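A.B. asks: missing the sequence, but the structure's below:
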């Protein structure tokens, strides 16, 4: 497996370190598996054995966030960040429907998933509806009991716009004979330009372009695929790709014989090619995970001029996280976990600029997060961590954040 990625020399050593860590992990024989590697909320509901055709579940994230570390006093915030109602209905053993109804910050309601699943056999499932785009780890496994920190990694906000979901259809399944899981979907794309406004920006990339199935504009089909390997106990390695063009309302009622008008409308479209590599590994009490996301945009020069914005031509980010479960050293035969952890994260939404837009050093960011996660019982965790944020702005002061949170999933 070979990735040829053109990156600046300053980041090359860090990427080599990630590659070496992943290669070492893939060559160690583990002795313990983690069921969360293969099951997120939707798949868990579909596979759950129940006498009732209707299955109900919930996950929730409750946070306290306090900015600290500078000379200015800040009030903290306390927030029911998200509360999600999970519903699955089995029409038969092979046909099911899943939906996630999410309330964010107590007042914003979203539909996070809503798809029909037809299981032809173990290795072919047909799916259609509102689905998660398989890219990275968190976008598919975003339940708060499946990650150690209070908040999700910021790569999965600024590079992969989690929670990234769109309307689509496709196939997926497991080929257990070779320990491979695969997904292949066609989605509607981001909405990059609508009603006189460019949606993509340098500060947060594609995030404002998510359509979330709200009367989605379908201009071009976009393709998404992911392959996961789980043949070594305790290890899961994923390779994902996404390619397509962003949607635009500039083509509405367009006179195709008017070449100038067509060329102007074409300026509102961005071609996107994203690739992701991720790995999760658990050996006895040691937990590690890493992720690398690289995305290249084309037509950004015309798009930035047309939309008066500053979208980067290359977006890139990665992180490495290490944790150790100390509870088993203190007590045997228990279902509790007590996991101190540390994560280093780098993300740059202006990795490269192929336009007249100015490369902004404030978008060249990194953070270190260290903290502890305590699993009270299966499905309930209490967390606390401290984050140190930095960017490449000259003489800028680092911003620090203290977080505490509760996560549940049942």
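C.D. replies: Now that the structure is in, tell me what you want to look at. Everything quoted here is computed from the prediction, not taken from an experiment.

A.B. asks: drop to CA atoms for contacts and neighbour counts, all remaining ones
C.D. replies: Fine.

A.B. asks: nearest residue to the middle of the chain?
C.D. replies: residue 139 (3.1 Å; CA atoms, centre = their mean).

A.B. asks: give the contact list for it.
C.D. replies: Shown in contact with residue 139 (CA atoms under 8 Å, 6 or more residues apart in numbering): 132, 133, 156, 160, 162, 163, 164.

A.B. asks: and if you look at residue 74?
C.D. replies: By CA under 8 Å, 6+ apart, the neighbours of residue 74 are 66, 67, 68.

A.B. asks: now do the helices in the stretch 201-350 of the chain.
C.D. replies: 259-266, 300-307, 327-330 (DSSP state H, counting those that start in this stretch).

A.B. asks: for the last one, buried residues please.
C.D. replies: Right, the one you point to is helix 327-330. Within helix 327-330, the residues that count as buried by 16 or more other CA atoms under 10 Å are residue 327.

A.B. asks: what's in contact with that helix?
C.D. replies: 285, 334, 336, 337, 338, 339.

A.B. asks: go again using 10 Å as the cut-off
C.D. replies: The contact list for helix 327-330 (CA atoms under 10 Å, 6 or more residues apart in numbering) reads 284, 285, 334, 335, 336, 337, 338, 339, 374, 375.

A.B. asks: over to stretch 394-402?
C.D. replies: Against stretch 394-402 from outside (CA under 10 Å, 6+ apart): 64-70, 76, 150, 361-362, 367-369, 371, 384-391.

A.B. asks: buried subset of those?
C.D. replies: So, by 16+ other CA under 10 Å, the buried ones in the contacts of stretch 394-402 are 64-68, 150, 362, 367-369, 371, 384-388, 390-391.

A.B. asks: just the ones in helices from the residues you listed, please.
C.D. replies: With helices taken from DSSP state H, there is no overlap with these.

A.B. asks: now do the helices in the stretch 1-150 of the chain.
C.D. replies: Going by DSSP H, counting those that start in this stretch, the stretch 1-150 of the chain shows helices at 9-26, 41-47.

A.B. asks: worst mean pLDDT among those?
C.D. replies: Lowest mean pLDDT of the helices of the stretch 1-150 of the chain: helix 9-26, a mean of 45.

A.B. asks: is residue 121 bridged to anything, and to what?
C.D. replies: Here residue 121 shows beta-bridge partners residue 124, assigned using DSSP bridges.

A.B. asks: ok, residue 289 next?
C.D. replies: Going by DSSP bridges, residue 289 forms beta bridges with residue 280, residue 321.

A.B. asks: any idea how far it is from residue 315?
C.D. replies: 21 Å (CA to CA, to the nearest Å).

A.B. asks: compare the two (neighbour count), which wins?
C.D. replies: residue 315 (28 against 23; other CA atoms under 10 Å).

A.B. asks: relative to residue 266, how far out is the most far-flung residue of the chain relative to its centre?
C.D. replies: Distance from the C-alpha centroid of the chain peaks at residue 257, with 41.1 Å (CA atoms, centre = their mean). Distance, residue 257 to residue 266, using CA to CA: 14 Å.

A.B. asks: do residue 135 as well
C.D. replies: Taken as CA to CA, the span from residue 135 to residue 266 is 27 Å.

A.B. asks: more neighbours: these two, which one.
C.D. replies: Per other CA under 10 Å, whichever of residue 135 and residue 266 has more neighbours is residue 135, with 27 against 17.

A.B. asks: what is the neighbour count of the closest residue to the more buried one other than its chain neighbours?
C.D. replies: Excluding its sequence neighbours, the residue lying closest to residue 135 (CA to CA, 6 or more residues apart in numbering) is residue 240, at 5.6 Å. Here the number of neighbours of residue 240 (other CA under 10 Å) works out to 22.

A.B. asks: does residue 240 have beta-bridge partners, and which?
C.D. replies: residue 226, residue 276.

A.B. asks: who touches the residue lying closest to residue 206 once chain neighbours are set aside in this structure?
C.D. replies: What sits nearest to residue 206 in space, not counting adjacent residues and going by CA to CA, 6+ apart, is residue 200, at 5.1 Å. By CA under 10 Å, 6+ apart, the contact list for residue 200 reads 190-193, 206-210, 246, 270, 303-304, 307, 309-312.

A.B. asks: ok, now which ones touch the closest residue to residue 63 other than its chain neighbours?
C.D. replies: Nearest residue to residue 63, sequence neighbours excluded (CA to CA, 6+ apart): residue 405, at 4.3 Å. Residue 405 makes contact with 61-65, 78-81, 144, 149-151, 373, 381-385, according to CA under 10 Å, 6+ apart.

A.B. asks: which of those are buried?
C.D. replies: Applying 16+ other CA under 10 Å to those flags 61-65, 80-81, 144, 149-151, 373, 381-385 as buried.

A.B. asks: circling back to that earlier point, and of the contacts of residue 74, the nearest to residue 172?
C.D. replies: Distance ranking of the contacts of residue 74 against residue 172, using CA to CA, places residue 66 first at 41.4 Å.

A.B. asks: what separates the spatially closest residue to that closest one that is not a sequence neighbour from residue 291, distance-wise?
C.D. replies: Spatial nearest neighbour of residue 66, chain neighbours left out: residue 76 (4.3 Å); criterion: CA to CA, 6+ apart. Separation of residue 76 from residue 291 (CA to CA): 30 Å.
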